[in-house]
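Participant: Provided below for reference: sequence and predicted model.
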Amino acid sequence: MQHSIDSENGNIILKLSGQFTAQDRRGFDDVIKSVLIKDGASVQVELDELLYMDSVGLGMLITLRAEVEKASKSICLCNPTGDVKEALFLACFDRLFEIK
């Protein structure tokens, strides 16, 4: 998984690309910490360049959601496509996240 973190108009934008799998577990804790230290009321997770996500990747998004909500911020998943979009909806993530 590759990622970048930016701020724009009071939002924190986390862009994920490539493959989001169990191999990314250890490094994703650092990503979460980096997101939480940024100023912004909401976190937008941009998924349009994410090609694949396994069940561990789905779990890491739930962990991100929990940590973001503890910090009193909102979160949304934006622009999922293809297999990633299908995985999100099969796992009923539309009940847990706002998906745009």
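Facilitator: Arrived safely. Numbers count the residues shown, from 1 in each chain.
Participant: Enumerate the positions of the longest helix along the chain that are buried.
Facilitator: Longest helix in the chain, counting residues (DSSP state H): helix 55-70. Going by neighbour count (16 or more other CB atoms under 10 Å), the buried part of helix 55-70 is 57-58, 60-61, 64-65, 67-68. (Glycine included, C-beta is placed from N, CA and C.)
Participant: any idea which of the residues you listed is the one closest to residue 83?
Facilitator: Lowest distance from residue 83 to the buried residues of helix 55-70 (CB to CB) belongs to residue 57, with 11.2 Å.
Participant: Do you know the pLDDT at that closest one?
Facilitator: Looking at residue 57, its pLDDT stands at 96.
Participant: if I look at it, how far off is residue 69?
Facilitator: Using CB to CB, to the nearest Å, residue 57 is found at 19 Å from residue 69.
Participant: again, but for residue 50
Facilitator: In terms of CB to CB, residue 50 sits 22 Å off from residue 69.
Participant: what do you get for residue 91?
Facilitator: The gap separating residue 91 from residue 69 is 18 Å, by CB to CB.
Participant: Could you do residue 27 as well?
Facilitator: Where residue 69 is concerned, residue 27 sits at a distance of 22 Å (CB to CB).
Participant: What of residue 13?
Facilitator: Remark: distance between residue 13 and residue 69 (CB to CB) = 18 Å.
Participant: Next, residue 45: phi, psi?
Facilitator: phi -100, psi 110 (degrees, to the nearest 10).
Participant: how many other residues sit next to it?
Facilitator: When neighbours are counted by other CB atoms under 10 Å, residue 45 registers 24.
Participant: The one 3 residues further on now?
Facilitator: Residue 48 is surrounded by 14 other residues when neighbours are defined as other CB under 10 Å.
Participant: what's the nearest residue to it if we skip its chain neighbours?
Facilitator: Using CB to CB, 6 or more residues apart in numbering and skipping the chain neighbours, the partner closest in space to residue 48 is residue 79 (3.9 Å).
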